[in-house]
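Engineer: 3D model of this:
(chains A and B)
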Amino acid sequence: MVSEKLGLFGKLLAKAGKFYLWWKQPKLVGLFLSLTYLEDIKMLMDLTDGTLERALEEFYNLGKIAGHDITYEFLDIGKYVFSRNLADLPTILATSYYVMTGQKLSNCKFYPANHQNPAKVVFTLDRCLFCGGLKKETSFEVNKQTLGKQTWGSVVVGIIEAAVETIEEYVGNTLDIKVEETKCIMNGDSYAEFTVFLYQKEK
Amino acid sequence: MDYFAAHPFIELSRKDMLKVKFSRSFLPIIYNYLVPRIKAKWGIEKGMEVLKNFGKRVMKDILVYWMPKGKTIPTVLQNMYKFIFYVKLYVIKDFLDEKPRRWLIQDNSCPLCWEGTEELDIHFCVAMAGAIEELLNTFHEFGYTNIPRVTVKTLSSKAHGDPICTHEIKEVI
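Structural biologist: Numbering: from 1, shown residues only, chains lettered A, B, ... in the order given. Predicted coordinates:
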């Protein structure tokens, strides 16, 4: 049974549970992940039209599939900290991010819908693990021009989008989810910021 | 609107990334989606070569920033697995009497053959063979006399239905 709103117990459980789940996770060193991430993108460039933008678009699609798979694995244990209240999404996102990375989100806030904008959650990473050291990369250029409409964290965007979709569907909310990396270090910003837009589905 | 512009930001270098841990589950899931595309584009034989080269390139990049300690193949490999994947290799057999020299690695916690992954056409973790080959040949080039030039071949993989992943290391004469 999914609760309407996370109570004190749910919040405490999320806080304590994330440490346990992170401790249980099989781990690897961050550099291996970021270099594999880089090679994945190069591979996708070879598999598509050779441009970084197209490869990142494909990486986003992979992230969507992977995000559903990863979240289904965690649904059973995660259901204790899920709720129908959108204002609880920052707790859910921060817990999930910690379970995967052992890192805290630097900021994560919920903004309710108003007459102009949908509800949204905005969060930032003060230590982006995906582009660590990438500015030194010489094998290809990553900048505003080569990224085009994409951002370096496109796969992360896909994973978060799929994860929030899966969770919201599980708790019974009918929402269209759209995630954007609204700030990207490789795009010239000074930190990484993601925005989760939560559109009410039209009846 | 700039929501959190005042928050301090730390830009990580590649050396910093050596001190950061990440969940391993992300890696095989993405790899799992790449393998069928690689097979579809290049076929099985060429696809295996592409995957092995993928592993070689990742290891080559890592070795610029970090090298495992050790002077023999078993110690170098154990230290590499321990540092990168936080696991201990199950068995490393050293066939001392054979010429050319041969070693067998048995890995029961393969970082790529994730639970539920099924790949019957190829040995899924062939990229690990590439990474090991690159690692050992770099040691050889650096003048470690106990480590010969080698080729590495994946003989069994969990994703292929085998109980354990096995990589064979053979000296190149």
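Engineer: what about chain B, any weak spots by pLDDT?
Structural biologist: Low-confidence segments of chain B, defined by pLDDT under 70: B:1-10.
Engineer: most centrally placed residue in it?
Structural biologist: Among the residues of chain B, the one closest to the centroid is B:Met128, at 3.0 Å (C-alpha atoms, centre = their mean).
Engineer: Chain A: strands as residue ranges?
Structural biologist: In chain A, strands defined by DSSP state E lie at A:27-29, A:107-111, A:119-125, A:175-183, A:192-200, listed in chain order.
Engineer: nearest to B:Ile62, of those strands?
Structural biologist: strand A:27-29 (8.6 Å; C-beta to C-beta). (C-beta placed from N, C-alpha, C; glycine too.)
Engineer: Give me the contact list for that closest one.
Structural biologist: A:102, B:17-18, B:20-24, B:27, B:83-86, B:111 (C-beta atoms under 8 Å, 6 or more residues apart in numbering or on different chains).
Engineer: host element of the nearest residue to A:Ala66 once chain neighbours are set aside?
Structural biologist: Nearest residue to A:Ala66 in three dimensions, chain neighbours excluded: B:Ile29, at 4.5 Å (C-beta to C-beta, 6 or more residues apart in numbering or on different chains). Per DSSP states H and E: B:Ile29 is located in helix B:26-63.
Engineer: So which other helices or strands are in contact with that helix?
Structural biologist: Judged by 3 or more C-beta pairs under 8 Å, 6 or more residues apart in numbering or on different chains; DSSP states H and E, helix B:26-63 is in contact with helix A:30-47, helix A:52-78, helix B:126-141.
Engineer: Quick one: distance of that helix to the chain centre.
Structural biologist: Put simply, helix B:26-63 sits 11 Å off its chain's centre (C-alpha atoms, centre = their mean, to the nearest Å).
Engineer: Just the buried residues of stretch B:116-134, please?
Structural biologist: B:117, B:119, B:122-134 (16 or more other C-beta atoms under 10 Å in any protein chain shown).
Engineer: I'd guessed A:Thr101 sits against B:Phe26; true?
Structural biologist: No. Here A:Thr101 lies out of contact with B:Phe26, judged by C-beta atoms under 8 Å, at a distance of 9.1 Å.
Engineer: Distance check, the residue most central in space within chain A against chain B.
Structural biologist: The centroid of chain A falls nearest to A:Ile160 when counting by C-alpha atoms, centre = their mean (3.3 Å). A:Ile160 is 13 Å from chain B, where distance means C-beta to the nearest C-beta, to the nearest Å.
Engineer: A:Thr101 too?
Structural biologist: 6 Å.
Engineer: quick one, what contacts that residue?
Structural biologist: Counted by C-beta under 8 Å, 6+ apart, A:Thr101 has contacts A:Leu129, B:Phe22, B:Ser23.
Engineer: Go through the residues you listed and name the one nearest B:Ile73.
Structural biologist: Nearest to B:Ile73 among those is B:Phe22, at 27.2 Å by C-beta to C-beta.
Engineer: For the closest one, which three-state class applies?
Structural biologist: Secondary structure for B:Phe22, judged by DSSP: H, G, I helix; E, B strand; the rest coil, is strand.
Engineer: Now do it: how many residues are near it, please.
Structural biologist: 23 (other C-beta atoms under 10 Å in any protein chain shown).
Engineer: And for the one 10 residues further on?
Structural biologist: The burial metric for B:Asn32, expressed as a neighbour count using other C-beta under 10 Å, is 22.
Engineer: Leaving out chain neighbours, which residue sits closest to it?
Structural biologist: In space, B:Asn32 is closest to B:Thr117, 5.6 Å off (C-beta to C-beta, 6+ apart).
Engineer: Out of the helices and strands packed on helix B:26-63, which is closest to A:Leu21?
Structural biologist: Nearest to A:Leu21, of all the helices and strands packed on helix B:26-63, is helix A:52-78, at 7.3 Å by C-beta to C-beta.
Engineer: And the closest one, what does it pack against?
Structural biologist: helix A:30-47, helix A:89-101, helix A:144-147, helix A:154-171, helix B:26-63.
Engineer: what would these look like in CSV with distance to A:Val196?
Structural biologist: Listed next are these as CSV, based on distance: least, C-beta to C-beta, whole Å:
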stretch, distance to A:Val196
helix A:30-47, 21
helix A:89-101, 7
helix A:144-147, 21
helix A:154-171, 6
helix B:26-63, 19
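Engineer: hang on, the earlier thing: next one: the residue nearest to B:Asn32 from B:Lys88, what distance?
Structural biologist: According to C-beta to C-beta, to the nearest Å, B:Thr117 stands 22 Å off from B:Lys88.
Engineer: again, but for A:Thr138
Structural biologist: Taking C-beta to C-beta as the measure, A:Thr138 falls 35 Å from B:Lys88.
Engineer: again, but for A:Tyr72
Structural biologist: Distance of A:Tyr72 to B:Lys88, computed by C-beta to C-beta: 30 Å.
Engineer: can you check B:Ser109 too?
Structural biologist: Distance from B:Ser109 to B:Lys88, by C-beta to C-beta: 8 Å.
Engineer: Quick check on the two: which one has the bigger neighbour count.
Structural biologist: Legend: neighbour count by other C-beta under 10 Å for B:Ser109 and B:Lys88, higher for B:Ser109 (17 against 11).
Engineer: That one contacts A:Pro26, correct?
Structural biologist: Yes. With contact defined as C-beta under 8 Å, B:Ser109 reaches A:Pro26; the gap is 7.3 Å.
Engineer: Identify the contacts common to these two.
Structural biologist: B:Phe85, B:Val87.
Engineer: wait, isn't B:Gly161 in contact with B:Leu120?
Structural biologist: Yes. Using C-beta under 8 Å, B:Gly161 is in contact with B:Leu120, at 7.2 Å.
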